[in-house]
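Participant: Coordinates for the following, if possible.
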Amino acid sequence: MRVDELAACRGRLEEFAGEVFAPLARADQRVKGRLYLRGLLLDGRRKSMQPMAGRLGVDHQQLQQFMTSSTWPTDIVRAGLARRAVAVVRPQVWVVDDTGFPKDGYASPGVARQYSGTLGKVGNCQIGVSVHAASDTASCPLAWRLFLPRSWDGPEAAGRRARCRVPDEEHHRPKWQLAVDMLDELATAG
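Facilitator: Here you go, the predicted structure:
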């Protein structure tokens, strides 16, 4: 890629990131949001905070704080991304899917021994449920939720929930209910 093409690409990325995080009221959050988005789009297999921060040349705590403890209107940002994706994909169908994320330990929210299509068996994993806009030529996730197994409810799970910062109002819901809720939210957002 030529230098002028690379500069134009970076300019479009910055414009896109600026549009995505424009609803954030605080300038420092908009800066960290753009940084995080750039980290996700850079080459590199691992998209966790430390590898992304290394590729960006920044301290990973900036990204970690933005994603885990900074309060910003995620619903507004997600709705804007969904509208933009629908305009590009021009969906013919909505696809509902669940995806397993294999895990070695139990420190991440929602981790349990459960069936994962990704693994093709019962294993230690998280499960994410998603709704995608799809056409013959493109697909893009519009909404996603973490599935909380029943083992994450009840008094015996209180310590684990607190360590993972699972909100008190979040409890086990069947995957189909997560999908219906996301479709309702997408319809409400237009």
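
Participant: rest of the way, CA atoms for contacts and neighbours
Facilitator: Will do.

Participant: In the chain, spot the helix with the most residues.
Facilitator: helix 3-20 (DSSP state H).

Participant: Give me the next element, helix or strand, following that helix.
Facilitator: Toward the C-terminus, helix 3-20 is succeeded by helix 27-41 as the next helix or strand (DSSP states H and E).

Participant: Give me the packing partners of that following helix, helices and strands only.
Facilitator: helix 3-20, helix 49-56, helix 60-68 (3 or more C-alpha pairs under 8 Å, 6 or more residues apart in numbering; DSSP states H and E).

Participant: Looking at those helices, which is nearest to Gly117?
Facilitator: Closest approach to Gly117 among the helices and strands packed on helix 27-41 (C-alpha to C-alpha): helix 49-56, 26.1 Å.

Participant: got the buried residues for the closest one?
Facilitator: 49-50, 52-53 (16 or more other C-alpha atoms under 10 Å).

Participant: That one vs helix 27-41, what angle?
Facilitator: 90 degrees (axes from the mean of the first three to the mean of the last three C-alpha atoms, to 10 degrees).

Participant: so where's this protein uncertain?
Facilitator: Low-confidence segments of the chain, defined by pLDDT under 70: 1.

Participant: Can you give me the distance of Leu40 to Arg83?
Facilitator: In this view, Leu40 and Arg83 are 20 Å apart by C-alpha to C-alpha, to the nearest Å.
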